[in-house]
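Quick one, what's the 3D model for this:
(chains A and B)
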Amino acid sequence: MELILQGITKSFGDKKVLQGAGFHFQKGNIYGLLGRNGAGKTTLFNCLSGETKIDGGHARLKDEGGERKLVEEDIGYVYSLPILPEFLTGYEFIKFYLDINRDKQPDSNIDAYFDKISMSREDRHRLIKNYSHGMKNKIQMLLFLISKPPVILLDEPLTSFDVIVAHEMKNMLREMKRDHILIFSTHILQLATDLCDELVVLNNGQLSAVPTDLLHSAEFEQRIISLLKDDDHAENI
Amino acid sequence: MLRTFSTLFSIRTSSTVNRLIYYAQMLPLVGSRIKNTQYANLEGKKAIAIIAFLLNIVWGFVSKLAFLGLMVYLPVVALNGGLSQEDQLSLFLHIFLLLSFVMAGVAGITVLETKREKYIAVKLMRMQPTAYMQASLGYRYCSYFIYYIPALLLFTSLLNVPVLQGMALAVSVTLWRVLCEYLHLKLFQKTGIVLVKNTAAVWLAIGLGYGVAYAPILLNWIPYSGELLLLWPVTMVIAVLGANAAVRLKRYSEYRTAVDAATKRDDPLLNIGQMFKEANKKQVKSKDIDLTLTVGQSEQYKNREGYAYLNSLFFARHRSLLLRPLWNRLAIICAIGVFGVTFAIVDPEKASSLAAKWSTGIPWLIWVMNLLSIGERACKAIFYNCDLSLMRYSFYRNAADQHFRQRLFRICGLNLALAVVLGAALTGFALTAGGIPTEELLLTLVCAIALSVFFSIHHLFLYYILQPYSTELNMKNPFFFVVNIVVSFAFVLALILKADATGLAITIVAITIAYFMTALILVKRWGPRTFRVK
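Okay, here's the model as predicted:
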């Protein structure tokens, strides 16, 4: 399975955020999308998920059935600040989600899903309103374990997680990459090297791959900094 | 002080210019041509600054004319047509005294007012508080006096007051306000009380001020209290006290404490936008007690599935938000119904004559049911507490028609309860007063019920198709207002056409059925596109 982005453009007024961004993402890899603040990482994700309309270009999904246009249902979007209905308990929300996704999975054992994300029985029946950031993120991930969208976008994952939860999440992502195309945006280099199989840089509205051998080399950080630094910034320093 | 005034003036002008550019960008057709780069166009902004300054001056004069004309002069001459000029003058002066001297003396004070500009100038730009306050107060009351002169001269001359006395009024009101500024400052200095922040005191002053000002008009009574303002000794006393206060304000040394009291960083008045946002959210926040009743509810609804399950839990856990306004409305309707029946028993003649006009009153049901409908409140509560989070998921947006139907039946149920109780109240009055044909009464009830369904569909449909709410619960979609105006116009049309009961009932029922079918189709077709977070 492959996610193909070609010539994606998006502008907000005079500001051109994405300028012909294109890349091929493969299943089985975790991709780190690296870019400076305001580079357009979230814009790219919003364009792919359908939150924002693309001005130009296209996104297509290629699998055994052929190549087709990417649709909203193909995307699972994990927000850095989880957005969940707080008036429900975790259990109720997952029950609701299972009900509306009956066609996608044979297992309707809700507790088995909660066991996968190591959530205690007591926490399952608490209101989401009282969940910690990590617990909410787990619920978000659980949605995509249930509905299994081909592409999962993670916006700044692991932000403000404690060590244990961060470790659990990383393991979950490594497990999930087998069946999904995982792309996470970050500007934390260490996370990128720790978790991702391939690094993609978003700079000046375009996507470019970072050579895999550079990922674990000693000059990685310097090379990335020089890649992302613009000319004005370089002169001032 | 002049330098401080110049800086202050620059801040104000820059803010006004930027605001003008910002709002100009929102104008249809023209707005899109105004780019954000205009904010950096200093030459252009200088030109706009001159326009802004002139507009400010014009507004100063216009606002005083409008205030005196609409709030003071017009009520006197329009509502009490048969009065002599002397009586009109007495009334004019009475209202002017109450509004501009008494009420404004409590509520219209700026020395301790929480203002963003004060915060920016003193806290952020490190302007000396004394210099700031002197410049600010000086400018305010000099311009206040200048702006008032033409307005007062105009309206007092219409009431045959000599020019000199008109001018004296301008001097009196200005120096009185200066005196009040000083008194507020002294009160704060002695007791630490910032009176303008005491909401109860301010609203009491406003309420009493307006009440006492306009009561004579309603009671057909001429007060002579205002004529004090035309007495030269009174003018002299106010002038002396006011001038003394001005000198003391100039020499006041503890402005820092006063500015600190008025510019606390977390003061909600410093960020009016945030204040409205919080107020909007408070309106739709569920009580915790609703949310604590979780365990039983989970079991109670476990046999429901999907969106039926979701909505059952939502409505159960936001009971107070949705039912409290319903109970309030039901209580008001019942109270009015009881009053109506009692009135019909106590004064059957008047009740009969009222009942005779029954058919002309039926179109008013459109307005009444729109007012009573809890559809809009329910939509706001649904948006904030449920949809704001779920709308971001494509599966939820794509199933818009499913949850639309679920919610429509629930909201219809709530509004129908209102219609039934309203119908009962109207029936009670009709049967007690007598003289209303049964057919007309039945058609009224049909109208009420159909209208309750209509407004249930209307509010929910607009919510799904126009999705008017932003994350701050502000209304962002102008079409929302346009559509509501059109619906309001229907009410006006029914009044103008003097629609009869039969015609009105048939029209309302037909439109409701058509609206229902249209809403179902359009939500299914467009909902996935339109039902999203703005």
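
Helix, strand, or coil at the residue sitting furthest away from the middle of chain B?
Distance from the centre of chain B peaks at B:Asn303, with 44.8 Å (Cα atoms, centre = their mean). Under DSSP: H, G, I helix; E, B strand; the rest coil, the three-state class of B:Asn303 is coil.

what's in contact with the helix or strand hosting B:Phe53?
Using DSSP states H and E, B:Phe53 sits in helix B:42-66. Residues outside helix B:42-66 that contact it (Cβ atoms under 8 Å, 6 or more residues apart in numbering or on different chains) are B:13-14, B:16-17, B:20-21, B:38-39, B:143, B:146-148, B:150-151, B:154. Heads up, the C-betas are built off the backbone N, CA and C, glycines and all.

cool, and stretch A:152-166?
By Cβ under 8 Å, 6+ apart, stretch A:152-166 touches A:41-42, A:45, A:48-49, A:75-80, A:133-134, A:137-138, A:144, A:169-170, A:173, A:176, A:180-187, A:191.

what about burial for the residues you listed, which qualify?
A:41-42, A:45, A:48-49, A:75-80, A:134, A:137-138, A:144, A:169-170, A:173, A:176, A:180-186, A:191 (16 or more other Cβ atoms under 10 Å in any protein chain shown).

what about the single nearest residue of chain B relative to chain A, distance to A:Asp74?
Going by Cβ to the nearest Cβ, chain A is nearest to B:Ser394 of chain B, at 3.6 Å. Using Cβ to Cβ, to the nearest Å, we find B:Ser394 at a distance of 9 Å from A:Asp74.

In chain B, where is pLDDT below threshold?
Along chain B, the parts satisfying pLDDT under 70 run over B:79-81, B:265-283, B:286-297, B:471-477.

Pull up the residues of it that are close to chain A.
Within chain B, the positions near chain A by Cβ under 8 Å from any Cβ of the partner chain are B:35-37, B:286, B:291, B:294-295, B:298, B:305-307, B:309-310, B:313-314, B:317-318, B:385-386, B:388-390, B:392-395, B:397-399, B:532.

Tell me the buried residues in stretch A:197-216?
Result for stretch A:197-216 [16+ other Cβ under 10 Å]: buried residues A:Glu198, A:Leu199, A:Val200, A:Val201, A:Leu202, A:Asn203, A:Gly205, A:Leu207, A:Val210, A:Leu215.

same thing with stretch B:23-39?
B:Gln25, B:Ile34, B:Gln38.

quick one, phi psi at the residue farthest from the centre of chain B?
With angles defined as degrees, to the nearest 10, B:Asn303 sits at phi -80, psi -10.

With A:Glu51 instead?
Dihedral angles (degrees, to the nearest 10) for A:Glu51: phi -60, psi -40.

so who does it touch?
A:Phe45, A:Tyr77, B:Arg392, B:Arg532.

Please tell me how far the residue lying closest to the second one once chain neighbours are set aside sits from B:Arg525.
Going back to what we said before, that points to A:Tyr77. The shortest distance from A:Tyr77 to any non-neighbouring residue, by Cβ to Cβ, 6 or more residues apart in numbering or on different chains, is to A:Ser49 (4.6 Å). Here A:Ser49 is placed at a distance of 21 Å from B:Arg525 (Cβ to Cβ).

now B:Leu42
50 Å.

quick one, which of these two is more surrounded?
B:Arg525 (13 against 8; other Cβ atoms under 10 Å in any protein chain shown).

Helix or strand: which one has that one?
Secondary structure (DSSP H and E) places B:Arg525 in helix B:501-530.

What segments of the stretch 101-250 of chain B are helices?
B:104-107, B:116-118, B:129-158, B:163-191, B:199-219, B:232-251 (DSSP state H, counting those that start in this stretch).

same check, this time on chain A
A:41-49, A:90-100, A:110-116, A:121-124, A:133-147, A:163-176, A:189-195, A:212-215, A:220-228, A:231-236 (DSSP state H).

Now the fourth one - C-alpha only, CSV.
Same thing as helix A:121-124. Written as CSV, here are the backbone C-alpha positions of helix A:121-124 (Å, rounded to 0.1, in the frame of the first residue of the first chain):
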residue,chain,number,x,y,z
ARG,A,121,-11.1,-1.5,34.3
GLU,A,122,-11.7,1.4,36.7
ASP,A,123,-10.4,4.0,34.2
ARG,A,124,-12.5,2.6,31.4
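
Would it count as contacting chain B?
No: Helix A:121-124 does not reach chain B (Cβ under 8 Å from any Cβ); its nearest approach is 10.8 Å.

just checking, what packs against that helix?
Counting contacts by 3 or more Cβ pairs under 8 Å, 6 or more residues apart in numbering or on different chains; DSSP states H and E, helix A:121-124 is packed against helix A:90-100, helix A:110-116.

what do you get for the second one?
For helix A:90-100, the contact count by 3+ Cβ pairs under 8 Å, 6+ apart identifies helix A:110-116, helix A:121-124, helix A:133-147, helix B:306-317 as packing neighbours.
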